[in-house]
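In: Fold the following and give me the result.
(chains A and B)
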Amino acid sequence: MPLIGQLALALALMVAIYSIGANLLGMRRNSPDLLLSARHALWAMCAMVTVAVVALWTGLLTNDFSLEYVASYSSVTLPIQYKFAALWGGQQGSLLFWTWLLSIFTSVAVFQNRRRNPEITPWALIVLAGIAIFFLGMLNFVTRPFDLLATVPPDGSDLNPLLQNYWMAIHPPSLYTGYVSAAVPFAFACGALITRKLDDGWIRTTRRWAIFSWFFLTLGNLFGARWAYEVLGWGGYWAWDPVENAAFMPWLVMTAYLHSVMIQERKDMLKVWNLALVGMAFMLTLFGTFLTRSGVISSVHSFTQSGLGPYFLTFLIAIVVGYTLLLASRVKDLKSPAEFESYLSREAAFLFNNLMLVGIAFAVFWGTVFPVISEAVRGVKITVGPPFFDKVNGPLALGLIFLMGVGPLIAWRRTSPQTLMRTFLAPVTMGVGAGVVVFAMGLRQWYVLTALSLAAFALGTVVVEFRRGVSARRHLVHETPARALVNLVAKNNRRYGGYIIHLGVVFAFIGIVASSFFRTEVKRSVRQGQSFSIGAYNITYLGLKGVENAHLEDLRARLVVRSGGREIATMEPARLFYKRPQQPATRVAIRSTPLADLYVVLAGVDDQSGLATFEVFLTPLVFWLWAGGLMMAIGTVVVMWPNVRERAALAAAFGRDEALDAEPAPGGD
Amino acid sequence: MLVAALAAMALAAVMIVPLMLPMRAAHAAAPSRQEIAEALTCQCGCGLTVANCNHPNCSFSVPMRQRIDTMLAHGMGRAQIIAYFRKQYGEKILSAPTTQGFNLLAWTMPFVALVVGGGLVVLMMGRWRGGPPSAPPAPDDSSPGASDKSDKFDPALRERLERELRERR
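Out: Alright, predicted model coming up:
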C-alpha cells in the first residue's frame, strides 16, 4: 500500500506538469484535442491523489506502523474516528489532504467550465495545476507521507491528545476547504488578467466558489473556536493565536470581496480592487498554511512544525510578486466608469465596509508579524497577544457593526437626507432604546453600551427590511404574513440570505462582547460533599469515579448543580491521561443555556487530602456566538440556493450553458 | 460633502475614543489574578497567556498563577506585579507591546493605515463625483426603504411584485 501511495503521488505530479504543457500547447496551436487532454490530465491528477489518500487512510486504519506517519500520529488503541482524522493530524498527511481538496476542486472547475469561458479556463487551470505542482513537489521530495521506518515499532506514538476531540475532527477539514477553494476564484482572476478578458465574467463564474470558500472559512473559524472552548479549558474560545489570526484574515478579506464585488456587478466599478482582494484572500490562505508549517511564530497550533518554512515562503513570495506584477501590467485595461453621485449611497457604505474589513485584517496581520519585525529591528523578542488585538480591533468592530446597520437601508446612487431620516428612524430608535435600557439596568462600561446599541441598530435595520418586504407582499399580493415571509426570502434569496447572515453576525457579536466583559471565575478546593457557589448556582462535589480503558485513564468528578434550591444538572468534568504519549489532558463539563454557560474544569485532585480543585467559569450569552454562527451558515445556504426564476431568466437570455452556474447581479430584484 | 465629513468624523471618533479609555473598566478597582495572568505570556512554548495556557501540569503557568495569587495577597498592585515579572523575564513576558519607543509603531500603525485608507476612499469618491453624469436610475436601482417618493410602498418593491404576478399568470 505505501508503495502504491508513493507511486500515485509521483504520477499525480507528472500529469499535473503534463496538463500545463498540454494547455499551453493547445492554446498556441488552437487544438481542442490538446485542451481536452489537459483537462483530462487534471482529472487523472485528482484520481491519483485520491489513491494516495486512500493508501494513507488504509495505513492508518490497519495500524501499518512500518509507515513513519502512522507510527507518529496513530496507535493501536486510538479510536477509529481519530485514526480517520489522523490524516490531517500531522504535517505530511495534512499537506496531502490540502492537495487532495485542491485536486477535487480543480476537477469540479474543469467540469463546470468544459464548455464555458474558453479563453480564461485554460489559464485558470494552468494556475491551479501550478499550485498543485508545488504541493505535490513537497509531498514527493520534501515531506513524504509514505516514508518507511527501518524497524517497525509494535505501536505508534498516538495522536496528540488535544486533537482527540470531535471538533478537531471537523475543524481542519472545514478550514482547509475554505482555504483551498479560495484558489479557484484566484486562478480565474489570473486567467482573466492574462487574457485581458476583464469584464465581470470571471466574477460570475467564481461567485459561488467565493461564497463556498467564505462559508467554510466561517465554519472553520467557528469550529476552531468551539474546539478551543471545549478542549483548552480556560473558559474562552479565541486567544488571538497567530494561527487563529491566519484563519481569520482570509475570512475578513473574503467578506470584503463578497461585498465589493456587488459594486462591480452592478456598476462595473472597482475592478482593480476586486482583483486585489481575491488575490489577497488566496495569499492569506497560503500565509496561514505557512504559519502553521514553519514555526516562525510560536503558536498553540505547533502540532505540525517542520522545515517546510523556506519552501512555503519562496512560493508565497513568488505568488505575491507574480500576481502584483500581473495586476500592475493590466491596470490600463481595468479602467472603470466613474459613476458615483453621493457620499450618502450604498456604494459609499460598501467602500467604508471594505475599508473597515481590510483595516481589521491589516491590524491582525500587523500584530501577528510585529514580533518578527521587532526582533529584526531591535533584536528584542516581544509578544503581541490578546490585549493588543482586543484593544485595536474592539473599536474597529464597532465601526463595522455600525456600517452593517447603515448599508442595507441606504439606496444605491444617492439618498436624500429626508429619506435617510425617515428610513433610519426605527433602527436608530431601537439602538438608542437598547442603550438606554441597559444603562438603566446599571451597565456603565461605555464599550458595552456602545456595542449593544450598535448591535440593536444593526438588528433594527434587518427587521425593518424584512417588515417592509413582508408588508408589501401582504398588501399587494394578499399573502398571509408567514407565506409572505417565505416567498420574500425564496424569491430574493441573495438579498434576504445576506440579511440572515447579518443577523447571525449581530448575535455572534453580542455573544462575544458579553462573554468577554462579564465572565466570572472561581477556583475552589473542596472535599466530597462540600459545596460552593458561582452566580446563582450552587455546586456540590459528590465524589470521583475512575474509568480506564486501553487508550486512556479517565478520572471524573461528579457534581450536582442547584439553582434556587432546585437540582438542575449533574456535571462530570474529568482529568484524562493518555497512555501512549503519557500526557495528561482535561475534559471540561459545560452546561449551556441562552443566558449563560456554566463551565467546569477539574483542575486537580489531591489523593492524600481528598481535596478536588475546580475552576468554574460563568460566561453570559456565549451561547449566542454559536447560535449566530449557525445563523450565518443557514443564511449562506439561502444565498447559495439555486433560484429557479433567476436561472430561467438567465437561460432565456444567455442560452442554457451560461445559466448553469452563472448568477445575475445581486440586489437586482 | 459637509454631511459626509461629519459622518467620517463621527466614525473616527467612535473608533478612536475607545483607545483613550481602559477597555475593562470593571477590573480597574481590584486587580484579579485573571487580569494579571492575561497580561503575561506563558513561556512553556504554547504561545498563550499565563491565564490561558492549556497544559494541565505546565511548569511555567501553573506556578506563575500561584505566585500572582501570593503577590496579590501581599497587597501588590497590577503594575507592580507586572513590572516585577518583566524585570525577571524580559519584555517577552508581556502579552502586549509596551506603549513606548519602537513598540508604539505596533499600536499606531493599524490606525494610521485606516486613516490613510479612509482618506484615499474619500478622495476617490470625490474624484468619481466629478465624473460624467449618469443615466437616470433604472426602476430597480433603489433598495427597499430608500425611495425618495413618499409612496406607502417602495416603487422597487411594487415593481418586483408586479413582475412576479405577471410571471404567475
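
In: per-domain residue ranges of chain B.
Out: B:26-99, B:141-169 (automatic domain parsing).

In: which of those has the lowest average pLDDT?
Out: Within the domains of chain B, confidence is poorest for domain B:141-169, with a mean of 54 (mean pLDDT).

In: so where's the longest helix in chain B?
Out: If you go by DSSP state H, chain B has its longest helix at helix B:104-129.

In: Buried residues of that helix, list them for me.
Out: B:106-107, B:109-111, B:113-114, B:117-118, B:121-122, B:124-125, B:128 (16 or more other Cβ atoms under 10 Å in any protein chain shown). Heads up, the C-betas are built off the backbone N, CA and C, glycines and all.

In: likewise stretch A:89-106?
Out: A:89-106.

In: how close does the closest residue to B:Pro110 other than its chain neighbours sit to A:Val278?
Out: In this structure, B:Pro110 finds its nearest non-sequential neighbour in A:Ala363, 3.6 Å apart by Cβ to Cβ, 6 or more residues apart in numbering or on different chains. Distance check for A:Ala363 against A:Val278: by Cβ to Cβ, to the nearest Å, it reads 21 Å.

In: With A:Ser213 instead?
Out: From A:Ser213 to A:Val278 the distance is 10 Å (Cβ to Cβ).

In: For these two, work out which one has more neighbours and name it.
Out: A:Ser213 (30 against 27; other Cβ atoms under 10 Å in any protein chain shown).

In: is it true that the more buried one touches A:Tyr176?
Out: No: contact criterion Cβ atoms under 8 Å: A:Ser213 and A:Tyr176 do not qualify, at 10.9 Å.

In: what is in contact with A:Ser213 and A:Val278 at once?
Out: A:Pro185 (Cβ atoms under 8 Å, 6 or more residues apart in numbering or on different chains).

In: A:Thr423 is in contact with A:Gly405, isn't it?
Out: No: in this structure, A:Thr423 is not within contact of A:Gly405 by Cβ under 8 Å, at 11.3 Å.

In: Can you identify each of the strands in chain B by residue range?
Out: Assigned by DSSP state E, chain B shows no strands.

In: Identify the residues contacting the residue nearest to B:Pro110.
Out: A:Phe389, A:Val392, A:Asn393, A:Leu396, B:Pro110, B:Ala113.

In: so which of those would you say is closest to B:Cys44?
Out: Closest to B:Cys44 out of those is A:Phe389 (20.9 Å), distances taken as Cβ to Cβ.

In: Is the residue nearest to that closest one when sequence neighbours are not counted part of a helix or strand, or is it coil?
Out: Nearest non-adjacent residue to A:Phe389, counting by Cβ to Cβ, 6+ apart: A:Trp240, 4.1 Å away. Assigned with DSSP: H, G, I helix; E, B strand; the rest coil, A:Trp240 falls in the coil class.

In: Can you tell me the number of residues neighbouring A:Trp240?
Out: There are 21 residues near A:Trp240, going by other Cβ under 10 Å.

In: for A:Gln112, same thing?
Out: Considering only other Cβ under 10 Å, A:Gln112 is surrounded by 18 other residues.

In: And it, what's its pLDDT?
Out: At A:Gln112, the pLDDT recorded in the model is 92.

In: Which pLDDT value belongs to A:Arg444?
Out: 88.

In: now swap in A:Ala192 and tell me
Out: For A:Ala192, the predicted pLDDT is 95.

In: Quick check: chain neighbours aside, which residue is closest to it?
Out: Per Cβ to Cβ, 6+ apart, closest to A:Ala192 is A:Trp202, 4.0 Å.

In: isn't that neighbour right next to A:Phe188, touching?
Out: Yes: using Cβ under 8 Å, A:Trp202 is in contact with A:Phe188, at 4.4 Å.

In: so what sits against both of the two?
Out: A:Asn117, A:Ile120.

In: more crowded one of the two?
Out: A:Phe188 (29 against 25).

In: quick one: pLDDT of the residue most central in space within chain A?
Out: The structure's chain A has its C-alpha centroid closest to A:Leu217; by Cα atoms, centre = their mean the separation is 1.9 Å. pLDDT for A:Leu217: 96.

In: Can you name the helix or strand that A:Leu559 falls in?
Out: strand A:552-563 (DSSP states H and E).

In: and that strand, which strands flank it?
Out: Strands that pair with strand A:552-563, judged by DSSP bridges, come out as strand A:537-548 (antiparallel), strand A:566-571 (antiparallel), strand A:574-578 (antiparallel).

In: picking that back up, just the pLDDT at the residue nearest to A:Phe389, thanks.
Out: 90.
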